[in-house]
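A.B. asks: sharing a sequence plus its predicted fold:
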Amino acid sequence: MATTNRTNNGRIGGSWKRALGDFDKQNGKVGATTGVSDEAKPADDDEIATGLRDDVQTVETAEEARRVLKILLDNTGTEDRPMYHACDTEVAYISVADQTPVGHGQVTCFSVFIGPDVNFAPKGEGKRSLLWVDTLRGGDEVWDVFKEYFENPNVKKVWHNYSFDRHVVENHHGIKLAGFAADTMHMARLWNSNRKLDGGYSLEALSSSADAMSECAEMLGAGAEMMRAKRGMKKIFGKPKLKKDGTPGKTMILPPIEEIQEDRESRDRWIEYSALDAQATWFLRESLEAKLRGMSCEACPILASKPGYRTCVTLWDFYTYYLAEFGNLLTQMERNGLLVDKDHLANAEKMALEDKRVAEEYFRNWASSKCEGAKLMNIGSGLQVRQLLFAGAKNKRRDKPGVELTREFTQESPEWIAWDSAGREGKAPKKTMKVALHGITLKPIQVQTFTATGLPAVSSVVLRALAGKPGVARALMDTWDSLSDKEKSEEALKKACGAAYDAFGGGQEGVQACAAIDSLNDVAAIDTLLSNFIIPLQGDDIRGPEGRVHGALNINTETGRLSARRPSLQNQPALEKDRYGIRRAFTAAPGNILVVADYGQLELRLLAHMAGCKSMLEAFEAGGDFHSRTALGMYSNIKDAIAKGEAVLEYGEQDAIKDEKERPALVKDVFASERRKAKVLNFSIAYGKTAHGLAKDWGTSLEEAANTVDLWYADRPEVREWQEVQKKLAVEKNLVRTLLGRVRNLPDASSKNEAFKSHALRASINTPIQGGAADIAMLAMLQIQRCPRLKELGYKLLMQIHDEVILEGPEEHKDEALALTKYHMENPFPGHVNLLDVALAVDGDFAKTWYEAK
DNA sequence: GTAGCTAGCGCC
DNA sequence: AAAGGGCGCTAGCTAC
């Protein structure tokens, strides 16, 4: 085998990218994982010749299509023993990195493999077990023939990353895919969630992995070699990119898919390549089924002991009971998409740009009064901001260089910017110029936070500490002349400002520095909103033709949570930070309404259940403010106050009729700081946070933090025991399991590297909780999806944000739909029950927009 | 010019 | 040696 390096330099511009080409790294698709040579040498014939071409039956006409359609429909097997049809498509006219496949992309061909025994060749022409259909040449007529095939629910189809193929196939002729049976990417995740560094989950990587394919090595026989012959597309079809002078360059580029397919020189190789994908998927499914059948699925013992629990003996059971259907549901949600109000976003953009302009001007004026270069600096560059504020600071790692006193940066020249924006007339001025930045502080700022590379961090937390409370210094500056002497006293100013006050000499100078850094922070915050949400949500790449955004929902996390991409709809700004109301842009279609429901304290409830923690279970049963109740368990002074009747956890009915003055105080008001600590611990302990980290956050001694942690555990000893069991499991077996028994491999639990090992051990106590919450959310979504009444009412799932779901449907049925949604979430197990030892609390509402429904 | 990295930040 | 789990996305930067 030729030597290949691991770089993926396939800048494969424009519109070619395809499903299995370099779909995406998160899904472990080719790109990062397939060795792609940099060298512009022709592919070695030995490597790519599979000898497969003669085994491929090609179809280019409707007549041939009708003949093979019969063979396809004759080979579906039985309910008990289905014959799996592995399918795959190749796609042109889509930029997979940027565009949603809903409404983008055109299928140029597809391939099907039903196993080595099925023969697609006409009588008397020998045997061809691979089917390859040319939809470029075949066009609409061929699609019309195969529509019946794709829509037939009795044909059990298998795909690798079904999501992509489903959408691009459904881009043609209103086809509605049915008969989904398995997604080998999801099966592979369930088998081993830890392949990120081991080649990932691309079809290429999996089908050429001896481990993944081990269960069908025998069946493959000599074919195993053939599987391993599979290579990335660019390796086989790449051509040297032509340089400006027309000579071949070093970089390889991939011609457009439709060209490769039609080009006489590459067509046969292309047919082989693409037919091989279906075959690889088929064998991979066989192997993974055998693997999953051999792996136990051990649910949380407390849960598994409950009467009525649907036991999955093996992970294959888990796949067939839940995950396959869930995978299909996710593709349906992707297709549904969310309607986005572009006008609203355009308006938000205007406001954001204006706010940003004002804030930027304020900072730049101030900074350039102290350093000439700041006039032209890039204030979005952390490096440059660090140069201004931390010049001369040492690196935390002694062997590495610190921040220089002065440094030059290359910036676009003002002349060029003017020329570029004013119509490019005449000779182009020089594009860039050097800009020198030096430190501007009067006294060095004490560095508290460092980046991983040892340099002073300039994150928003650091800048916030320098600037003080948002808006305060700025307000002082704006009203400076009318301030009283007392208000202008050193003491008062220092109190109102952040740490930059002293570093810039105090007085008005100090206040101004704080105000300017505050503005800088503002610029960064606005920029994030603009570039992450406001702008991309208006673009056509992630929107389908009907104006809805169709992000991808992936099952690709270590814990079993979903992740969302293009766009990442799961990290829209939280309500309190959503200053431009971005969530208002997510809206229901006319006549419809959004139903939004989320779990309360889902992860803590799962911890209570799995650990069998008496105190936590009681607290959830009692209801009310959970964090106050935690504080009550930790601090005796709260207990005393309650015993004396001076405070209560929450008001009961009797308190409501009392005069306000006669009412006892609430714990969350009187013991606010205790409650705050209890709340932080509730969230932190599940993540494995250490006393050291808490001490740093709270600015207390290690001892004090450790004592507080002990107070938390004192009331909840079962949690500590449970965590020890998880860690032990991780060390002994290098795995932990979620609530429903899915596995997460943690090889680092045996690592000699203590940092890796610690991380694995923290993950071991978090994964059952986080993954268990994902399990519950999955069950609830399946119940919602299956609910015949919700379907009848016209309600569809659009989105999941870990513990929250969004549905859309006709406004007239909103009350019933919300009630049903909550019911399913509260009773997510098959049979409409909740088998946990703790109730599942669900909060929900409906509204025209996401913002209002939260 | 590109690819891959770091830093940073959004969500649960 | 670091010191809270899980993600995706962007801008800036640098090596090639």
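C.D. replies: Ah, there it is.
A.B. asks: scan chain A for its longest helix.
C.D. replies: Longest helix of chain A, by residue count under DSSP state H: helix A:754-786.
A.B. asks: so where's chain A shaky on pLDDT?
C.D. replies: Scanning chain A for pLDDT under 70 picks out A:1-51, A:197-199, A:221-232, A:234-235, A:241-252.
A.B. asks: in it, which residue sits nearest DNA strand C?
C.D. replies: Closest residue of chain A to DNA strand C, CB to the nearest atom of the strand: residue A:693 (2.3 Å). Backbone N, C-alpha and C define where each C-beta goes, glycine included.
A.B. asks: based on its surroundings, how many neighbours for residue A:453?
C.D. replies: 10 (other CB atoms under 10 Å).
A.B. asks: surely it touches residue A:401?
C.D. replies: No. Between residue A:453 and residue A:401 there is no contact under CB atoms under 8 Å: 10.2 Å.
A.B. asks: tally of neighbours for residue A:336?
C.D. replies: Residue A:336: 18 neighbours (other CB under 10 Å).
A.B. asks: from residue A:209, how far out is it?
C.D. replies: 35 Å (CB to CB, to the nearest Å).
A.B. asks: name the residue closest to the centre of chain A, please.
C.D. replies: residue A:563 (3.2 Å; CA atoms, centre = their mean).
A.B. asks: and the stretch 751-854 of chain A, which residues reach DNA strand B?
C.D. replies: Neighbours of DNA strand B within the stretch 751-854 of chain A, by CB under 7 Å from any atom of the strand: A:801-804.
A.B. asks: save these as TSV, and put in secondary structure too.
C.D. replies: Shown next, in TSV, are those (DSSP: H, G, I helix; E, B strand; the rest coil):
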residue	secondary structure
A:801	coil
A:802	coil
A:803	coil
A:804	strand
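A.B. asks: on that earlier part again, list the beta-bridge partners for the residue nearest to the centre of chain A.
C.D. replies: Beta bridges link residue A:563 to residue A:554, judged by DSSP bridges.
A.B. asks: correct me if wrong: it contacts residue A:571.
C.D. replies: No. Using CB under 8 Å, residue A:563 is not in contact with residue A:571; the gap is 10.0 Å.
A.B. asks: find residues that contact each of the two.
C.D. replies: By CB atoms under 8 Å, 6 or more residues apart in numbering, residue A:563 and residue A:571 have no common neighbours.
A.B. asks: in stretch A:482-491, what counts as buried?
C.D. replies: residue A:483 (16 or more other CB atoms under 10 Å).
A.B. asks: again but with stretch A:558-565, I slipped
C.D. replies: A:558-562, A:564-565.
A.B. asks: what about that stretch and DNA strand B, touching?
C.D. replies: No. Among the residues of stretch A:558-565, none lie within reach of DNA strand B under CB under 7 Å from any atom of the strand; the closest is 7.6 Å away.
A.B. asks: list the contacts of the closest residue to residue A:309 other than its chain neighbours.
C.D. replies: Closest residue to residue A:309 apart from its sequence neighbours, by CB to CB, 6 or more residues apart in numbering: residue A:835 at 5.6 Å. By CB under 8 Å, 6+ apart, residue A:835 lies in contact with A:303, A:306, A:308-309, A:829.
A.B. asks: before we move on, the earlier item: what distance do you get for the residue of chain A closest to DNA strand C to residue A:846?
C.D. replies: Using CB to CB, residue A:693 is found at 40 Å from residue A:846.
A.B. asks: likewise for residue A:795?
C.D. replies: Counting by CB to CB, the gap from residue A:795 to residue A:846 is 10 Å.
A.B. asks: if I've got this straight, residue A:194 is in a strand?
C.D. replies: No. Judged by three-state DSSP, residue A:194 forms no part of a strand; its state is coil.
A.B. asks: from residue A:445, how far out is the residue nearest to residue A:309?
C.D. replies: From residue A:835 to residue A:445 the distance is 55 Å (CB to CB).
A.B. asks: over to residue A:757?
C.D. replies: From residue A:757 across to residue A:445, the span is 36 Å (CB to CB).
A.B. asks: who has more neighbours out of the two?
C.D. replies: Neighbour count, other CB under 10 Å: between residue A:757 and residue A:445, residue A:445 has more, with 20 against 17.
A.B. asks: can you tell if the helix or strand containing residue A:465 touches DNA strand C?
C.D. replies: Assigned by DSSP states H and E, residue A:465 belongs to helix A:460-467. No. Shown here: helix A:460-467 not in contact with DNA strand C (CB under 7 Å from any atom of the strand), separated by at least 10.1 Å.
A.B. asks: who does that helix touch, helix- and strand-wise?
C.D. replies: helix A:500-503, helix A:507-529 (3 or more CB pairs under 8 Å, 6 or more residues apart in numbering; DSSP states H and E).
A.B. asks: same thing but 10 Å
C.D. replies: If contacts are counted by 3 or more CB pairs under 10 Å, 6 or more residues apart in numbering; DSSP states H and E, helix A:460-467 sits against helix A:382-390, helix A:500-503, helix A:507-529.
A.B. asks: adding mean neighbour count and distance to residue A:713, write those out as TSV.
C.D. replies: Formatted as TSV, these follow (neighbours: other CB atoms under 10 Å; distance: least, CB to CB, whole Å):
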stretch	mean neighbour count	distance to residue A:713
helix A:382-390	21	39
helix A:500-503	22	40
helix A:507-529	22	37
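A.B. asks: which one of those helices lies closest to residue A:60?
C.D. replies: helix A:507-529 (50.7 Å; CB to CB).
A.B. asks: which SSE is immediately downstream of the closest one?
C.D. replies: Of the helices and strands lying after helix A:507-529 in sequence (DSSP H and E), the nearest is strand A:548-549.
A.B. asks: could you pull out the strands for the stretch 551-700 of chain A?
C.D. replies: Along the stretch 551-700 of chain A, the stretches classed as strands by DSSP state E, counting those that start in this stretch are A:552-554, A:563-565, A:586-587, A:592-600, A:647-648, A:665-666.
A.B. asks: does residue A:428 really touch residue A:418, like I thought?
C.D. replies: No. Contact between residue A:428 and residue A:418 fails when scored by CB atoms under 10 Å: they sit 11.3 Å apart.
A.B. asks: so who does residue A:457 touch?
C.D. replies: Taking CB atoms under 10 Å, 6 or more residues apart in numbering, we find residue A:457 in contact with A:382, A:386, A:390, A:447-451, A:463.
A.B. asks: which of the residues you listed are close to DNA strand B?
C.D. replies: Answer for those near DNA strand B (CB under 7 Å from any atom of the strand): A:382, A:451, A:463.
A.B. asks: so the last one touches residue A:500, yeah?
C.D. replies: Yes. Taking contacts as CB under 10 Å, residue A:463 lies within contact range of residue A:500: 8.9 Å.
A.B. asks: overlap in contacts, the two.
C.D. replies: With CB under 10 Å, 6+ apart as the test, residue A:463 and residue A:500 both reach A:389, A:517-518.
A.B. asks: I'd like the strands of the stretch 551-700 of chain A as CSV, with distance to residue A:200 appended.
C.D. replies: Output for the strands of the stretch 551-700 of chain A, formatted as CSV (distance: least, CB to CB, whole Å):
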stretch, distance to residue A:200
strand A:552-554, 13
strand A:563-565, 15
strand A:586-587, 32
strand A:592-600, 32
strand A:647-648, 55
strand A:665-666, 52
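A.B. asks: nice, that's everything, thank you.
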